[in-house]
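A.B. asks: how would this look folded up:
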Amino acid sequence: MSDLATLLLTHGFRAIETDRDRRGATATYPSRLLGSRAVVVGTEEGARTFYDPAATRRADAVPAALGWLLFGRGAVHTLDHTEHAERKDLLRAQMGVEGVTRCAAEAGRLLGEILDEAGEREVDLHDALVVAYGVAALRWAGFSLAPHVEVDLARTYARVVDGFGLRGSAYARAWVARARTDAWARLTLRAIRHGELVVAPGTPAHAIAASDLDERTAAVELGNLVRPTIATSWLGCFAVLDAHRWTDGETWLERSAARRRSFLHEVRRTAPFVPALAAVARRPLEVDGVAVAEGERLLLDVPGINHDPATYPAPDRFEPERFVGTEPPPYGFVPQGGGRVRGHRCPGEDLVTVLLDATLDEICARGVVPVGSWDVDLRRIPTLPGGTPYARATLLSSTADVRVLPRREAATF
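C.D. replies: Below is the predicted model:
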């Protein structure tokens, strides 16, 4: 039987689905990863075990080739128990409502400027979002940089994200970008700590510089605030496309805040963003009837749980009203992790939602629509509609004669 590591490289977001079909397995099943036995977890109940800190740990869960690239050595993602809680509290304190709202508002303003400057010309949607989100994130973090430095840093952080599929030149490019951004963060935090650079109290940069984290780890965690904000640009592309694939996209989105929020939850549920998450069993476990030995890896099937028909009737249909009047289940909706926010769920979910919301405001207000190819290559991690940012990308245009595709009948998957 094939190894999931190989399938992730060759089949991307279809890797677990392909592996499950080949093995004739159910939602949760034993497989192999990097030559060792691993258990794929594909149910909401199984996710409860995956996020139980008494049952699993994060240390050594993600292979260094990926974990050190995407998160950084010693990052909060790799910690457990008290050490994790204390580090998470430091980062969560920077994600308050006021700061999140300010960051999203700035991103929306910057995106509007990019679109207005383009006029009738076509705009690379993904690059526009990388720049808008990245510059807004750097300013929210407390930095006042030259415009060309802001843009360069935003695009460099985006290259780190683009390489997490471990494929070819994108992976090599990502490591170069990782070295550049880490070096910038180390030097900048050193300057703050030595009083050579002043940032405002209450900003993330000030808080991280004032912490007792060593210089390397502090730089890693600064990046773990800025980089995921920029990574939302991948979701932003799908949000824009989904809005325009829906028959009456603009009027539907304008009906109520509850419907807009439901729409954005559905975008996050269906968009190919994270293929799997990893943990290690602390002790012998049984997950959905499958035995897990101490020290074995568990892989959370993110697309599978987000498309579980037991939780989502007709899961392959994009239904923007699916979450109206209800919030997604904490263990059955895992596009950015599951469980409690104090656990290993992403603390930036609220920021993601308001960033996407601000993006749709700017797009709808200017009447711009997507043009060009909307194909999605699910073999590539991460992926974009219209290709990778280094090949071709979905473009936006405000011209009157562009083509808008009709309402789609199926979700991204």
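A.B. asks: pretty sure residue 67 contacts residue 78?
C.D. replies: Yes: using C-beta atoms under 8 Å, residue 67 is in contact with residue 78, at 6.6 Å. Every residue, glycine included, has its C-beta placed from N, CA and C.
A.B. asks: shared neighbours, those two?
C.D. replies: By C-beta atoms under 8 Å, 6 or more residues apart in numbering, residue 67 and residue 78 have these common neighbours: residue 61.
A.B. asks: Could you give the average pLDDT over the longest helix along the chain?
C.D. replies: Counting by DSSP state H, the longest helix found in the chain is helix 215-245. Per-region confidence: helix 215-245 scores 93 on mean pLDDT.
A.B. asks: same thing with stretch 313-324?
C.D. replies: On average, the pLDDT along stretch 313-324 is 93.
A.B. asks: Also stretch 10-23?
C.D. replies: 96.
A.B. asks: try stretch 45-60
C.D. replies: Stretch 45-60 carries an average pLDDT of 95.
A.B. asks: Could you pull out the buried residues of it?
C.D. replies: Within stretch 45-60, the residues that count as buried by 16 or more other C-beta atoms under 10 Å are 46-51, 53, 55-58.
A.B. asks: give the contact list for the closest residue to residue 14 other than its chain neighbours.
C.D. replies: Nearest non-adjacent residue to residue 14, counting by C-beta to C-beta, 6 or more residues apart in numbering: residue 378, 5.5 Å away. Neighbouring residues of residue 378 by C-beta under 8 Å, 6+ apart: 11-14, 272, 413.
A.B. asks: Check which residues of stretch 367-376 are buried.
C.D. replies: Counting neighbours by 16+ other C-beta under 10 Å, one finds that the buried residues in stretch 367-376 are 368-372, 376.
A.B. asks: right, and out of the residues you listed, which lies closest to residue 228?
C.D. replies: When the buried residues of stretch 367-376 are ranked by distance to residue 228 (C-beta to C-beta), residue 376 comes first, at 21.4 Å.
A.B. asks: just for this protein, where's the confidence low?
C.D. replies: For the chain, applying pLDDT under 70 flags the ranges 247-255, 341-343, 387-413.
A.B. asks: what are the ranges of the strands in it?
C.D. replies: Counting by DSSP state E, the chain has strands at residues 29-33, 36-41, 56-57, 123-124, 276-281, 285-287, 290-292, 297-301, 369-371, 395-397.
A.B. asks: now, of those strands, which is deepest in the fold?
C.D. replies: strand 297-301 (a mean of 25; mean count of other C-beta atoms under 10 Å).
A.B. asks: any residues touching that one, and which ones?
C.D. replies: If you take C-beta under 8 Å, 6+ apart as the criterion, strand 297-301 is touched by 4, 16, 27, 31, 33, 36, 38-42, 47, 49-50, 56, 61, 276-281, 287, 292, 334, 338.
A.B. asks: Mind doing that once more with 7 Å?
C.D. replies: Contact partners of strand 297-301, identified using C-beta atoms under 7 Å, 6 or more residues apart in numbering, comprise 4, 16, 33, 38-42, 47, 50, 56, 61, 276-281, 287, 292, 334.
A.B. asks: got it, and stretch 89-104?
C.D. replies: Contact partners of stretch 89-104, identified using C-beta under 7 Å, 6+ apart, comprise 76, 136-137, 140, 204, 207, 211, 221, 225, 347-348, 350-351, 354-355, 358.
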